[in-house]
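>>> just coords:
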């Protein structure tokens, strides 16, 4: 047998590599190793920036929904335009949103602590720059008639979940461990198609994980009182907020600050007057107009989850967007016990307040 | 394998690794997008030694083994029926072809709904994906039995069963084993797809976990490598089987 | 060894009024044989010769029980033949050996089908391989043998159950002339051991004359007996038989009857 034409093979390999690179890159320059957050002061509100508008790609991570009212409002009211921004939203389910943000393919995304902590630990260079949900929106719910009113009441019951991954799984484990239970003490039923809400309504399971502004709201609207178990009373898990890559944080610093400012402004408008949020959402997603009553209920529940639990009585006490460092530290500690933090991380690595508007 | 053959396999693998590394370096891809081969190799070794991958691999292997068994047995029987009866072929073929044409990715969630999230649905999905190539290759193989040989056997008063065991099966074996080569690799796909439709363990589950929950991309790649190795191993088993059962003709 | 092979063989094969019709789609049925009669005495060798399509192979299939005639009967020593029978052996034109089996296992095939125990099979196979002269190739696959060896193996296989009647359908037509001659002589030697009844279909007049006691010439389709030419040469026959005058007479007669119908291919 003839010996391999090594020279030819190497040339082919290099050629293949170059072709692959030509097709593949278009991505950002390689991110630097440093993740040191510039510990500068929070950005001051600036006068309308000059120059051409900065383009931003924002991944919302889910399909169009009234829960994104603040983005729709900020867009329609011109808040982004005022900040000299040209924002493109990716309003779809995206399982790869976090790596895309880390790589810079998407400038700004939405994610929570249960994703950011392991991601940064695995070397994805992210920064959490503004809180959207002051309370952790992933909850456990069920019919009030099941008699469950606390985590301890879940023992031996059947619980529907989408799968053993993601924020709901971490939340569930935290909730169970607060009552000294483990997943083995309950009957986990998986619904990979996210049908666990329907399963509760049909009585197929006693309880399920879900979102504070979704399944329990639907259940109540259908006339069945529901119970809701929040993790915030037990462990402060940081809720979803805006994330950027460390590279974007420096290269598009002012634009990110402007985006945060505009979005928080819209959130404030909606907290003060939920109707403007509803109107903006219906305008952006006409299909939502078919059942405004349901959408209003979802929006109200969403607003309630934006506000930190202990402060929900007085919404102005903690500004929207504020980052709860203690909560982040508690989350790092808890998730480390779950083995999800292979390389230790500090809160400084994960969050940055520099993009929040000065109060 | 001869020494030259082994060398060329090793050399092509080395080139594959070099190209991979070149792509990573030249393209500047961060490790959470495309990890370099050495990092995947390290994570692979680590994943096995610290016991992360093994239970998932075992679970998928069980699904594949059962799915292969079920799919092959049903495929053999149906293939034989299709070969020997025009009526069976007329009646059954449309359904078989329709089932094959429907993407398994679309059928899997439905099957998971009917058969539950446990092992059964994975075995059904896997068996379904394996069934078609086996049935078709069996049908082709049985039909390829020389009519002259069948007449010769008849002249020696071979019973139906003797014709099957001494004539049809040995004659059809090359074709059937060819179908099995395709079948085993599809079985791996079927098991993974079945897991994606709902499972709490398995290599498919681990891929998703590594990617979406742990953000451990090297682990995700190491799991993909494991899946590929599983497919290769099963394929080699069939090749060896073929060598022993078919032999010189 | 010879004791087993020397069982009294032979039997009187009588075919009377054989009609065979093959239905054809969209056409009238094809008459392969019409009123075909043939009586072969025990231990006799009869050659069947005729133009292409005259039904000689069809007749062998009927006689061996593989094909049921539309009319008429075939009997062996008075017993009606209604299906394949171990007393009647059929050798096909192609060897029809199983390609995945060794020669020995191929020869053992009928014994296996008949349920013979392993040791008895092995002994008989060894006998047969020696008899036809392929003992050296016993572990080879058919693909590794020459055409002549393959046909020898096929004959050995047909002899396995000691049939009293041997039907051979142009068994040597695929071989070269020299091998053919040699196998003809070997055939005669085999016949001499136990004197089975033999009906051999052939296209070769020299072969027919060398082997047969009588040569039956068939008409073109639908086949029936056109003429029977006796071959008055003494046995044991050898190749120089073909030089005798009596034989060239016979050859001339055969040729004449053949040319009376369709001409035989060269």
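Yes, it's here. Keep in mind it's a predicted model, so treat the numbers as computed, not measured.
>>> where exactly do the strands run in the chain?
Here I'm looking at chain A. A:54-59, A:85-90, A:108-111, A:126-131, A:138-143, A:158-161, A:187-190, A:207-211, A:226-229, A:241-245 (DSSP state E).
>>> hmm, I had chain C in mind actually
Under the criterion DSSP E, strands of chain C are mapped to C:13-24, C:27-40, C:45-49, C:71-76, C:79-80, C:88-91, C:165-169, C:197-201, C:214-218, C:225-230.
>>> on that earlier part again, least reliable of the strands of chain A by average pLDDT, please.
Note on those: strand A:187-190 shows the lowest mean pLDDT, a mean of 88.
>>> in that one, what counts as buried?
Within strand A:187-190, the residues that qualify as buried by neighbour count (16 or more other CB atoms under 10 Å in any protein chain shown) are A:188-190. (Glycine included, C-beta is placed from N, CA and C.)
>>> specify which member of those residues is nearest to chain B.
residue A:190 (5.0 Å; CB to the nearest CB).
>>> correct me, but that closest one touches residue B:196?
No - here residue A:190 lies out of contact with residue B:196, judged by CB atoms under 8 Å, at a distance of 11.7 Å.
>>> residue A:294: neighbour count?
Neighbourhood size, residue A:294 [other CB atoms under 10 Å in any protein chain shown]: 15.
>>> and the lowest-mean-pLDDT helix or strand in chain B, what does it pack against?
Within chain B, no helix or strand scores below helix B:104-115, which has a mean of 84 by mean pLDDT, DSSP states H and E. Counting contacts by 3 or more CB pairs under 8 Å, 6 or more residues apart in numbering or on different chains; DSSP states H and E, helix B:104-115 is packed against helix B:119-143, helix B:169-196.
>>> list the contacts for residue B:219?
Counting by CB atoms under 8 Å, 6 or more residues apart in numbering or on different chains, residue B:219 makes contact with B:43, B:47, B:52, B:206, B:210.
>>> SS state for the fourth one?
Put plainly, it is residue B:206. helix (DSSP: H, G, I helix; E, B strand; the rest coil).
>>> hmm, it is touching residue B:56, no?
Yes - the pair residue B:206 / residue B:56 is scored as a contact, 4.4 Å apart, by CB under 8 Å.
>>> more neighbours: these two, which one.
Shown here are residue B:206 and residue B:56; by other CB under 10 Å, residue B:206 has more neighbours (28 against 22).
>>> any idea how the chain splits into domains?
By default, I'm working from chain A. As recorded under automatic domain parsing, the domains making up chain A are A:54-135+A:238-350, A:139-229.
>>> that was the other one, I meant chain C.
Split by automatic domain parsing, chain C gives C:2-87+C:165-260, C:98-162.
>>> let's have the ones you listed in a markdown table, adding mean neighbour count and distance to chain B.
Output for the domains of chain C, formatted as a markdown table (neighbours: other CB atoms under 10 Å in any protein chain shown; distance: least, CB to the nearest CB, whole Å):
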| stretch | mean neighbour count | distance to chain B |
| --- | --- | --- |
| domain C:2-87+C:165-260 | 18 | 5 |
| domain C:98-162 | 19 | 4 |
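>>> next to chain B, which bits of the stretch 51-200 of chain A? Give me the list.
Contact residues, the stretch 51-200 of chain A versus chain B (CB under 8 Å from any CB of the partner chain): A:95-96, A:98-99, A:102-103, A:115, A:118-119, A:121-125, A:163-166, A:169, A:188-193.
>>> from residue C:69, how far off is the residue of chain B most remote from its centre?
Computed with CA atoms, centre = their mean, the residue of chain B farthest from its C-alpha average is residue B:155, at 40.5 Å. In this view, residue B:155 and residue C:69 are 17 Å apart by CB to CB, to the nearest Å.
>>> what's near enough to touch residue B:235?
Counting by CB under 8 Å, 6+ apart, residue B:235 touches B:181, B:184-185.
>>> before we move on, the earlier item: any idea which of the domains of chain C gets closest to chain A?
domain C:98-162 (25.6 Å).
>>> about what we covered before: between the domains of chain A, which one is nearest to residue C:54?
Ranking the domains of chain A by distance to residue C:54, with CB to CB as the measure, places domain A:139-229 first at 72.6 Å.
>>> okay, now the unreliable bits of the stretch 151-266 of chain C?
Confidence mapping of the stretch 151-266 of chain C against pLDDT under 70 gives the ranges C:242, C:261-266.
>>> do you have the helices of it handy? List them.
Taking DSSP state H, counting those that start in this stretch to define them, one finds helices in the stretch 151-266 of chain C at C:177-194, C:205-211, C:245-260.
>>> want to throw the ones you listed into JSON lines with distance to residue C:59?
What follows is the helices of the stretch 151-266 of chain C, written out as JSON lines (distance: least, CB to CB, whole Å):
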{"stretch": "helix C:177-194", "distance to residue C:59": "20"}
{"stretch": "helix C:205-211", "distance to residue C:59": "15"}
{"stretch": "helix C:245-260", "distance to residue C:59": "17"}
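>>> common neighbours of residue B:206 and residue B:56, please.
Common neighbours of residue B:206 and residue B:56, counting by CB under 8 Å, 6+ apart, are residue B:223.
>>> end-to-end on stretch A:175-188?
Start to finish, the residues bounding stretch A:175-188 are 14 Å apart (CA to CA, to the nearest Å).
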